[in-house]
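1. How does the following fold in three dimensions:
(2 chains, ligands or ions: 1)
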Amino acid sequence: MRISKSPWLLHYDGSSCNGCDIEVLATTAPRFDIERFGIINTGNPRHADIFLCTGGVNSQNQDVVRQIYDQMPDPKVVLACGICACDGGIFKDCYNILGGTDTVIPVDVYVPGCAVRPEALIDGVVKALKILDEKNEKMKRGEYRSLTSSEYAAKINGDVKEAGDSEGEEKTDA
Amino acid sequence: MAAKRSVIPFGPQHPVLPEPIHIDLITEDEKVVEAVPSIGFVHRGLEQLVTKKDFGEMVYVAERICGICSFGHGYGYVKTIEHIMGIEPTDRARYIRTLLFELSRMHSHILWLGLMADAFGFESLFMETWRLREKILDMLESATGGRVIFSIIRIGGLRKDVPDDILKGFIPELEKVVEGIKSCEKVFLSDPAVLSRLKGVGYLSKEDAINLGCEGPFLRASGVDWDNRMRGYAAYPSVDFDIITSNDGDSYARCYVRIQEIYQSAAIIRQCIEKMPQEGIYVPIKGFPNGEHMTVIEQPRGGACYYVQASGKKFIERMRVRTPTFANIPALVKTLQGCDVSDVPILVVTIDPCISCTER
Ligand code: SF4
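-> Coordinates of the predicted model:
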């Protein structure tokens, strides 16, 4: 793995129970200290390379998650943290939950667990670094550009209906 | 001449917030004149899960109302069901529950101290408090197997026993934590730079605190001695503790109250370990709950109410939770009026907002 730059993290709560959020924060705190890999937790999407999304995505939050994803510069990697973010978890049957993070944005690494353990998160982030590197290489050769959230919605529209934008533009070409 | 009004959006994605909440700050120059919160970013609708999960499985759902006070939520739900079914948990179960509850309170308050330090921009203090918090999480993990979500509680008692030697081992650990907090306390309560960010910021009078229906440390920091633990549930009637209050009503007072409560929780845990009864941890349950009941317990953030309505079936009819953050939001909006824009993160953090509890 050749990472020439220190990747920065961005964390957002899709609609989790908080358990995974504090574990994400604990990962940056001294015991697990992800910062020793040069990874910093930032609050600004435009500075971030790795997006840690916790919790399933609910109706009100879907646009925020999309926006954050779109604001991040290429190359970017998305981590679904916790079983809720992977597929909805215990809240899958709730009326306000659309599903896991991958119902609205493309996900690269799935880190299960309820709550996700910091060790697992670090492992996920290390995997993400590799993917980031690959994307970077491909981008340099001009072979790769990550999907925007609306392109992604159009792509999965065939099988996941509710992932379409609320405006409904992408739904038409399904 | 009146200054021009402008609207500054705060959140939902904001570095100081681990959770999304959105507040529209209407400002005149640097002063906030009005704050309009809008919520719903973490609403999952889990109360409706009662139609899909039976009353035993709902314990897990209740625990996942919030990951910080997860034990308390599980306990509140279980206590309500136990009352409906007329179950009296064994003494050992009551003591272990109290102990775990207080450990959760300590971890929640220490977490809050860290977030507070982060809000006023003291990064190393944040790291130090979170380092101390890991000790508490270690204790919780050795007792229950989980770091933030425990699933050790069940209707009728506990899922597994916590051996006495593990409990005994908590006492020296707690001492270390208390020592660590004592050294942090010096910074929180007497460092001039920190004081300048806390003293007199976000004052809330006693009358306002009562009229706006505040809860928990936020209420006690305004001089009201109200603590739901005094209602006497679990093993609280058999342990010694006082209500901690402060009369200042500002952010400093809220900090003070929470720090003192950490020491107090440690003392309660010590008493629980010393008095720990030796007998079973589980009473078998028969049949399904039938009836309705409402319970109030004291969560780290204040009083939380649990309501359950059941009709003798496997699935209960209705579960409802009123959480302390919900009660504290009106007071937050009140303290935000007239504050400086730079104090907004501190004020939002001082109510110790738990958005996932509030919106469920
Ligand atoms: S995976 Fe578990 S701990 Fe994480 S957000 Fe979901 S319910 Fe909470």
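
2. quick one: is the top strand by length along chain A near chain B?
-> Assignment by DSSP state E gives strand A:8-15 as the longest strand of chain A. Yes - using CB under 8 Å from any CB of the partner chain, strand A:8-15 reaches chain B at A:11-13, A:15. For the C-beta atoms, the positions are set from N, CA and C on the backbone; glycine is no exception.

3. Could you export those residues as TSV, including distance to residue A:75?
-> Output for the residues of strand A:8-15 next to chain B, formatted as TSV (distance: CB to CB, whole Å):
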residue	distance to residue A:75
A:11	19
A:12	19
A:13	24
A:15	27
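
4. Please name the nearest non-neighbouring residue to residue A:29.
-> Once flanking residues are discounted, residue A:29 sits nearest to residue B:130: 3.6 Å by CB to CB, 6 or more residues apart in numbering or on different chains.

5. So the one you found sits against residue A:30, correct?
-> Yes - between residue B:130 and residue A:30 there is a contact at 6.6 Å, judged by CB atoms under 8 Å.

6. between these two, who's got more neighbours?
-> Remark: of residue B:130 and residue A:30, residue B:130 carries more neighbours, 24 against 16, as counted by other CB atoms under 10 Å in any protein chain shown.

7. Downstream of the longest helix belonging to chain B, the next helix or strand is which one?
-> Criterion DSSP state H: the longest helix present in chain B is helix B:91-119. Where DSSP states H and E defines the elements, the next helix or strand beyond helix B:91-119 is helix B:123-144.

8. elements contacting that next one?
-> helix A:19-28, helix B:91-119, helix B:164-190 (3 or more CB pairs under 8 Å, 6 or more residues apart in numbering or on different chains; DSSP states H and E).

9. rewinding a little: distance of the residue nearest to residue A:29 relative to residue B:75?
-> 25 Å (CB to CB, to the nearest Å).

10. What pLDDT is listed against residue 99?
-> Defaulting to chain A. Residue A:99 is assigned a predicted lDDT (pLDDT) of 80.

11. that's the wrong chain, I meant chain B
-> Taking residue B:99 on its own, its pLDDT is 87.

12. Look up how far residue B:162 lies from it.
-> Separation of residue B:99 from residue B:162 (CB to CB): 8 Å.

13. the more surrounded of the two?
-> Neighbours were counted for residue B:99 and for residue B:162 using other CB under 10 Å; residue B:99 has more, 26 against 20.

14. Would you agree the more buried one is in contact with residue B:269?
-> Yes - between residue B:99 and residue B:269 there is a contact under CB under 8 Å: 5.4 Å.

15. low-scoring stretches of chain A, by residue?
-> Scanning chain A with the threshold set as pLDDT under 70 gives A:1-4, A:158-174.

16. Helices of chain B, residue ranges please.
-> B:58-63, B:70-85, B:91-119, B:123-144, B:164-190, B:192-198, B:206-211, B:216-220, B:251-275, B:324-336, B:344-350, B:355-359.

17. Quick one: list the elements packing against the third one.
-> For helix B:91-119, the helices and strands in contact under the criterion 3+ CB pairs under 8 Å, 6+ apart are helix B:70-85, helix B:123-144, strand B:157-158, helix B:164-190, helix B:251-275, helix B:344-350.

18. With mean pLDDT and distance to the ligand as added columns, please give the ones you listed in JSON lines.
-> Conversion of those to JSON lines gives the following (pLDDT from 0 to 100; distance: least, CB to the nearest ligand atom, whole Å):
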{"stretch": "helix B:70-85", "mean pLDDT": "87", "distance to the ligand": "8"}
{"stretch": "helix B:123-144", "mean pLDDT": "86", "distance to the ligand": "14"}
{"stretch": "strand B:157-158", "mean pLDDT": "83", "distance to the ligand": "20"}
{"stretch": "helix B:164-190", "mean pLDDT": "86", "distance to the ligand": "24"}
{"stretch": "helix B:251-275", "mean pLDDT": "87", "distance to the ligand": "23"}
{"stretch": "helix B:344-350", "mean pLDDT": "80", "distance to the ligand": "21"}
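
19. For the ones you listed, give me a markdown table that also has distance to residue A:144.
-> Below are the helices and strands packed on helix B:91-119 laid out as a markdown table (distance: least, CB to CB, whole Å):
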| stretch | distance to residue A:144 |
| --- | --- |
| helix B:70-85 | 41 |
| helix B:123-144 | 36 |
| strand B:157-158 | 52 |
| helix B:164-190 | 47 |
| helix B:251-275 | 49 |
| helix B:344-350 | 38 |
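
20. Could you identify which of the ones you listed is most buried?
-> Most buried of these, by mean neighbour count (mean count of other CB atoms under 10 Å in any protein chain shown): helix B:70-85, with a mean of 25.

21. from the chain's centre, how far out does that one sit?
-> Offset of helix B:70-85 from its chain centre (CA atoms, centre = their mean, to the nearest Å): 16 Å.

22. touching chain A at all, that helix?
-> Yes - using CB under 8 Å from any CB, helix B:70-85 reaches chain A at residue B:70.

23. Let me see the ranges of the helices in chain A.
-> Ranges of helices within chain A are A:19-28, A:62-71, A:83-87, A:118-140, A:149-156, based on DSSP H.

24. Dump the ones you listed to CSV, plus mean neighbour count.
-> Shown next, in CSV, are the helices of chain A (neighbours: other CB atoms under 10 Å in any protein chain shown):
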stretch, mean neighbour count
helix A:19-28, 26
helix A:62-71, 19
helix A:83-87, 25
helix A:118-140, 17
helix A:149-156, 18
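
25. what number of residues lie near the closest residue to residue B:52 other than its chain neighbours?
-> Of all residues not flanking residue B:52 in the chain, residue A:93 sits nearest, at 5.0 Å (CB to CB, 6+ apart). Residues near residue A:93, counting by other CB under 10 Å, number 14.

26. what does residue B:159 give?
-> Neighbours of residue B:159 under the rule other CB under 10 Å: 15.

27. interface residues of chain B facing the ligand?
-> Counting by CB under 6 Å from any ligand atom, chain B comes close to the ligand at B:64, B:67, B:149.
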